[in-house]
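Undergrad: Predicted coordinates and the sequence they were generated for:
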Protein chains: 2
Amino acid sequence: MSISVTVLAGGVGGARLAHGFALAQPGAAPTCVVNVGDDTVRHGLHVSPDLDTVMYTLAGLNDEERGWGLTGESYAVLDRLARLGEDTWFTLGDKDLATHVVRTARLREGVPLSEVTASLAAALGVAARLLPVTDDPVRTLVRTPSGTLAFQEYFVRRQHADAVLGLTFDGVDAARPAPGVLDAVTGTDLLVVAPSNPFLSVEPVLATPGVRDAVRSTRARRVAVSPIVGGRAVKGPAAQILETLGHDVSALGVARLYAGLVDVMVIDDADAALAGPITDLGFDVVVTDTIMGGPAGRERLARELLGLASAP
Amino acid sequence: MSISVTVLAGGVGGARLAHGFALAQPGAAPTCVVNVGDDTVRHGLHVSPDLDTVMYTLAGLNDEERGWGLTGESYAVLDRLARLGEDTWFTLGDKDLATHVVRTARLREGVPLSEVTASLAAALGVAARLLPVTDDPVRTLVRTPSGTLAFQEYFVRRQHADAVLGLTFDGVDAARPAPGVLDAVTGTDLLVVAPSNPFLSVEPVLATPGVRDAVRSTRARRVAVSPIVGGRAVKGPAAQILETLGHDVSALGVARLYAGLVDVMVIDDADAALAGPITDLGFDVVVTDTIMGGPAGRERLARELLGLASAP
């Protein structure tokens, strides 16, 4: 019998873990509730980087080495955009751009992002259900010593080098969860908080009205995988942000963020010494290899998490 | 001393003749007033085929063999659009698409088409002044035995195989000439009606309120080059349309359309026998080689037309 799984996801970490679940239960693809706070408009096109990372990864089309974008990409459009005077610091490949062209066209026709996402994912053969956490515009703003930056300005253009003093999810108070999101949280067997950035990826999902309460009230076993291993982020600026916001740069610091929301913290073997302190916070703790190298590693971790769903 | 030239243009014929003027007077680039009735929206992107044909030709970037689009094109985006379920009968190359992406973005920001066109042309190093005849939406609709078709549906998708029973330029009554258009018509030394399709390319320019009157009242010498040579169109469906609309399929039939508007009809050597009947309509007639093969042929024809400007 298959176990239903919902993953709260940002980009790469969520994409890889969702891929693991898809591999572990081929007939029971997971549902991914994905951050849209990193959405942006480039050259008039609506870009949803986290949604696309999950979609491309599940479609087997993502560039694993680079961690984003598509394999076999070309850049003919971007080169010409630069020649036409456009500012091309946000790299968009030709194939990737087709996604944004279609998304933008459908959104302009009034089709909600969740429907657009479903049809794009279906066209690429993705069996998993991809849900943007909301169809409404939510934009992550990053407060830094250099001022408040739009998310991709901070993340891509300035390569997350600025100290993060605070985050705002502009529009989140008025945002409604996309159709299916709350049911996907409350009605699943296993709810997984992906090893994504707690502040940039997970928090804008939880902050969408109704989602945090749904996580609190779900019947599912709730499991979070720490994105911090050995005091460092597996990828991206999670460690710096924990530090500048005054948290412990460790799996323990992450666990404190999820206390009361999540039942099980999954931490890496490297952090075995933190199992005690995290248990003291009220979590069940699983210590395992959380680094998902290739598909085999993802599937292995997913299988281990699936085992937690039926645990008492 | 240079002669100022304004060309009323559609796509290829206008593009080639404008290119000839640019070559003939390097320091005095022509002004092109271009049809926008063939503009369309594909995949949410605003495409202006006639404007782009003129722009690419003047930039030396057009695919001469094919007659449209850019040299060295690739189709990565179009391939992916097809995979995403888009209907891709309208071929858009990657480089070409960059033009439409930028145009669409600027139009959505409220920048008028004429300004967008000027900045795109400048970015591609085009010295000529490219003016869409209007910044307002005008769309050519083609009445056929199969019903009324949007222009590109008729022209590209159905490869202008349908009999044309009539034409409508939707929106033209409310359209205003773009800034500079009327001055470019009235204030030039030489006004040239390009060897473009009289119905599909030239008429929507003339039908824009104020343009026909400006042609009537200009101080310029007015010259039209017949797009019909030896009873056949040099390119496209001009011959079929002349026939189904009940006109002579000849340079004489074209001349009748321009009677009272144009001073000089330029016809091909192959049509020398029509010089008499066209003269009888009140035109001065120039018989010459009107087939513009490569750049040399364009420049030669342009030089010959420049000679007409100062003629009494």
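TA: Alright, I've got the coordinates. Numbering: from 1, shown residues only, chains lettered A, B, ... in the order given.
Undergrad: okay, CA-based contacts and neighbour counts for the rest of this
TA: OK.
Undergrad: Run a quick neighbour tally on residue A:174.
TA: Neighbourhood size, residue A:174 [other C-alpha atoms under 10 Å in any protein chain shown]: 12.
Undergrad: do the same with residue A:299
TA: Counted with other C-alpha under 10 Å, the neighbours of residue A:299 add up to 22.
Undergrad: For it, which residues are in contact?
TA: Shown here is residue A:299, whose contacts under the criterion C-alpha atoms under 8 Å, 6 or more residues apart in numbering or on different chains are A:17, A:19-21, A:23-24.
Undergrad: From residue A:19, how far out is it?
TA: Using C-alpha to C-alpha, to the nearest Å, one obtains 8 Å as the distance from residue A:299 to residue A:19.
Undergrad: on that earlier part again, as CSV, the contacts of residue A:299 with pLDDT would be great.
TA: Written out in CSV, the entries for the contacts of residue A:299 read as follows (pLDDT from 0 to 100):
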residue, pLDDT
A:17, 96
A:19, 96
A:20, 97
A:21, 97
A:23, 96
A:24, 96
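Undergrad: now, which of those sits nearest chain B?
TA: Ranked by distance to chain B (C-alpha to the nearest C-alpha), the contacts of residue A:299 are led by residue A:19 at 20.9 Å.
Undergrad: Nearest residue to the residue of the stretch 151-300 of chain A at minimum distance from chain B in space, please, no chain neighbours.
TA: Using C-alpha to the nearest C-alpha, the closest approach of the stretch 151-300 of chain A to chain B is made by residue A:152 at 18.7 Å. Computed as C-alpha to C-alpha, 6 or more residues apart in numbering or on different chains, the closest residue to residue A:152 that is not its neighbour in sequence is residue A:38, at 6.6 Å.
Undergrad: Now do the domain split for chain A, please.
TA: Structurally, chain A divides into domains by automatic domain parsing as follows: A:5-138+A:172-309, A:139-166.
Undergrad: Quick check: which of those is buried the most?
TA: Comparing the domains of chain A by mean neighbour count (mean count of other C-alpha atoms under 10 Å in any protein chain shown), domain A:5-138+A:172-309 ranks first with a mean of 21.
Undergrad: Quick check: end-to-end length of that domain?
TA: With C-alpha to C-alpha as the measure, domain A:5-138+A:172-309 spans 9 Å from end to end.
Undergrad: try stretch A:231-245
TA: 15 Å.
Undergrad: what is the mean pLDDT for it?
TA: Taken as a whole, stretch A:231-245 has a mean pLDDT of 91.
Undergrad: which residues sit against that stretch?
TA: Contact partners of stretch A:231-245, identified using C-alpha under 8 Å, 6+ apart, comprise A:160, A:163-166, A:197-199, A:227-228, A:248-251, A:253, A:291.
Undergrad: 10 Å instead, please
TA: Contacts of stretch A:231-245 with the rest of the structure, by C-alpha atoms under 10 Å, 6 or more residues apart in numbering or on different chains, involve A:12-13, A:67, A:155, A:159-167, A:195-201, A:226-229, A:246-254, A:270-271, A:290-292.
Undergrad: ok, now which ones touch the nearest residue to residue A:287 once chain neighbours are set aside?
TA: In space, not counting the residues next to it along the chain, residue A:287 is nearest to residue A:267; the distance is 5.0 Å by C-alpha to C-alpha, 6+ apart. With contacts defined as C-alpha under 10 Å, 6+ apart, residue A:267 is in contact with A:195, A:224-230, A:250-252, A:254-255, A:274-275, A:278, A:285-291.
Undergrad: Spell out, range by range, the strands that occur in chain A.
TA: Secondary structure of chain A (DSSP state E): strands at A:5-9, A:31-34, A:40-42, A:45-47, A:129-132, A:139-144, A:147-150, A:166-170, A:190-193, A:221-225, A:228-229, A:232-233, A:264-268, A:284-288.
Undergrad: Output the longest one as CSV, restricted to C-alpha atoms.
TA: This points to strand A:139-144. Extracted C-alpha coordinates of strand A:139-144, given in CSV (Å, rounded to 0.1, in the frame of the first residue of the first chain):
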residue,chain,number,x,y,z
ARG,A,139,7.2,38.6,-3.2
THR,A,140,10.0,38.0,-0.8
LEU,A,141,11.9,41.2,0.1
VAL,A,142,15.2,41.0,1.8
ARG,A,143,16.3,43.7,4.3
THR,A,144,20.1,44.1,4.1
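Undergrad: do you know how far the nearest residue to residue A:15 once chain neighbours are set aside is from chain B?
TA: Counting by C-alpha to C-alpha, 6+ apart, residue A:15 lies nearest to residue A:54, which is 4.3 Å off, once chain neighbours are set aside. If you measure residue A:54 against chain B using C-alpha to the nearest C-alpha, to the nearest Å, the figure is 16 Å.
Undergrad: what sits against residue A:265?
TA: Going by C-alpha under 10 Å, 6+ apart, residue A:265 touches A:193, A:222-226, A:251-252, A:254-255, A:258-259, A:275, A:278-279, A:282-287.
Undergrad: let's go with 8 Å and repeat that
TA: Under the criterion of C-alpha under 8 Å, 6+ apart, the contact partners of residue A:265 comprise A:223-226, A:255, A:278, A:283-286.
Undergrad: How about the residues of the stretch 201-312 of chain A by chain B?
TA: By the rule C-alpha under 8 Å from any C-alpha of the partner chain, no part of the stretch 201-312 of chain A lies against chain B.
Undergrad: looking at chain A, which helix or strand does the model trust least?
TA: Ranked by mean pLDDT, DSSP states H and E, the weakest helix or strand in chain A is strand A:232-233, scoring a mean of 90.
Undergrad: Can you list the strands that that strand pairs with?
TA: Partner strands for strand A:232-233, per DSSP bridges, with pairing direction: strand A:228-229 (antiparallel).
Undergrad: ok, residues contacting the strand it pairs with?
TA: Contacts to strand A:228-229, defined as C-alpha under 8 Å, 6+ apart, come from residues A:234, A:238-239, A:249-251, A:254, A:267-268, A:270-271.
Undergrad: same deal with stretch A:160-179?
TA: Residues beyond stretch A:160-179 that count as contacts (C-alpha under 8 Å, 6+ apart) turn out to be A:37, A:114, A:131-146, A:154, A:199, A:204, A:207-211, A:236-237, A:240-241, A:244-245.
Undergrad: can you give me the end-to-end distance of it?
TA: When the termini of stretch A:160-179 are compared using C-alpha to C-alpha, they are 32 Å apart.
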